[in-house]
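In: Output the structure for:
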Amino acid sequence: MEDKLESIFALQKGLADMMNLDRYPKDVEGKISALCTAIIHEAVELQRTTNWKWWKTPTAFNEAEAREELIDIWHFVIQASLELNLSPEDILKEYQRKNDINRKREKNGY
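Out: Below you'll find the predicted structure:
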């Protein structure tokens, strides 16, 4: 059975291959910058599903809407990974490396 992250990468690559990318930057730096902007905006959309405005009357949390916004973020994160030539294996390796750094920081009062 194919790895789940491998499946997600394949789905994203297939979606990107379908898209009209005339307005998409041509250089890697431009692509990463555009994807960062998209991630930021999707994160704001995710935040809007929460009751972060303490001065407003709270509404019921819509978990389905929050999940959809989170998946939008995943689309752009995976596309950025593809643009940076990161494979799922690379992501695991880098995640483990950075996780180790973060754990050491926590132990040392970072």
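In: which element is Ala66 on?
Out: Of the helices and strands defined by DSSP states H and E, Ala66 is found in helix 63-83.
In: what's in contact with that helix?
Out: Contact partners of helix 63-83, identified using CB atoms under 8 Å, 6 or more residues apart in numbering, comprise 8-9, 12-13, 15-16, 28, 31-32, 35-36, 38-39, 42-43, 45-46, 49-50, 91. (Glycine included, C-beta is placed from N, CA and C.)
In: Quick one: buried ones out of these?
Out: If you count burial by 16 or more other CB atoms under 10 Å, the buried members of the contacts of helix 63-83 come out as 8-9, 12, 31, 35, 38-39, 42, 45-46, 49, 91.
In: residue boundaries of the helices in the protein?
Out: Along the chain, counting by DSSP state H, helices occupy 4-18, 28-47, 63-83, 88-107.
In: circling back: now do the helix holding Ala66, average pLDDT.
Out: Per-residue pLDDT values over helix 63-83 give a mean of 98.
In: Let's have the helices of the chain in TSV, adding distance to Trp55.
Out: Formatted as TSV, the entries for the helices of the chain read as follows, by distance: least, CB to CB, whole Å:
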stretch	distance to Trp55
helix 4-18	38
helix 28-47	15
helix 63-83	21
helix 88-107	34
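In: okay, now Gly65: neighbour count?
Out: If you look again at residue 65, you'll see it is Glu, not Gly. If you count neighbours by other CB atoms under 10 Å, Glu65 ends up with 13.
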